[in-house]
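Chemist: Take a look and give me a structure for this.
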Amino acid sequence: MPKLLEGRIAFVTGSGSGIGRETAIALAEEGARLVVADLNGPAAAETVALITNADGEAYAVTLDVTNKEAVDEAVDGIVQRWGRIDIAFNNAGISIEGFGTAWDDIVANDKTMNINYRGVLLCMSAELRHMAAAGSGSIINTSSIAGISSSGGTGYVASKHAVIGLTRTAAKTFASRNVRVNAVCPGVIETPLTTSLLAEFGQQMAAMQPLPRFGTARDIANAVVFLASDKASFITGHPLVVDGGHMVL
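Modeler: Now for the predicted structure:
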């Protein structure tokens, strides 16, 4: 049976663990060759090992997505090595605000926006240079249900709204070049980063969604694979909510 992404080249940031790692694996399972990028180099290497041990093809890049020169070098390196970049999943991000963080904590806001928004912008800028020139490509950005609601810290909510705005403006700008740009908006997802949160507030959070389970990293990975594939060829500028029905309540 043909694979959805056979022979395509994919770039995934924040892929050393959680949603990024699971999505990198899912893209590889559908035939893509992967560039696994993460600030944590050893974690990125572990993701590559999981892919190559399953007969996939991938290499790791240690990357700070807020460093423009490093981002440009990483993306240009993909094209130099494999001739093109077909898919990008801009997933690297942070959530550092707690329940006691002040609404106007400027330090937390600046750090969050720098990584969650500026990091996505820098990655998209590098990716779109090549995709626009080639006349094809699919970019998926990680937003959140916080990007369409007010759930979360001020900086996090603002950054995820900004990602959707960035997604939509890029989709409009680059549609004529046959480049699609979408976003995924995860709800409550079980990952290493949410373990302690779910342990403390799991019952309350479960009551906030109709489906009787929390999401998994594979749920988000499946959505990204779909948006990256030709099955989503007429979808662009869309924030796809994957939240177990949280936003319908």
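Chemist: Quickly run through the sheet partners of the longest strand seen in the chain, with directions.
Modeler: In the chain, taking DSSP state E as the definition, the longest strand is strand 179-186. Strand 179-186 has these partner strands in its sheet, going by DSSP bridges: strand 137-142 (parallel), strand 239-242 (parallel).
Chemist: deepest of those strands, which one?
Modeler: strand 137-142 (a mean of 27; mean count of other Cβ atoms under 10 Å). For glycine as for every other residue, the C-beta is placed from the backbone atoms N, C-alpha and C.
Chemist: quick one: buried residues of whichever helix or strand comes after that strand?
Modeler: Once strand 137-142 ends, the next helix or strand along the chain (criterion: DSSP states H and E) is helix 154-174. Burial within helix 154-174, assessed by neighbour count using 16 or more other Cβ atoms under 10 Å, is assigned to 154-164, 166-168, 170-171, 174.
Chemist: got the buried residues for the helix or strand hosting residue 125?
Modeler: Element membership for residue 125, per DSSP H and E: helix 119-134. For helix 119-134, a neighbour-count test (16+ other Cβ under 10 Å) marks 119-124, 126-128, 130-132, 134 as buried.
Chemist: angle of it against strand 179-186?
Modeler: 150 degrees (axes from the mean of the first three to the mean of the last three Cα atoms, to 10 degrees).
Chemist: Next, the angle from helix 119-134 to helix 154-174.
Modeler: 10 degrees.
Chemist: who's in contact with helix 119-134?
Modeler: 11, 13, 65-68, 71-72, 74-76, 79, 84-86, 88, 90, 92-93, 137, 139, 141-142, 163, 166, 170, 174, 177, 179, 181 (Cβ atoms under 8 Å, 6 or more residues apart in numbering).
Chemist: Spatially central residue in this protein, please.
Modeler: Within the chain, one residue has its C-alpha closest to the average C-alpha position: by Cα atoms, centre = their mean, that is residue 91, at 2.5 Å.
Chemist: Surely it and residue 21 touch.
Modeler: No. Look at residue 91 against residue 21 with Cβ atoms under 8 Å: they stay out of range, at 9.6 Å.
Chemist: just to revisit the earlier point, pull out the buried members of the contacts of helix 119-134.
Modeler: The buried subset of the contacts of helix 119-134 (16+ other Cβ under 10 Å) comprises 11, 13, 65-66, 71, 74-75, 79, 85-86, 88, 90, 92-93, 137, 139, 141-142, 163, 166, 170, 174, 179, 181.
Chemist: Fine by me, thanks again.
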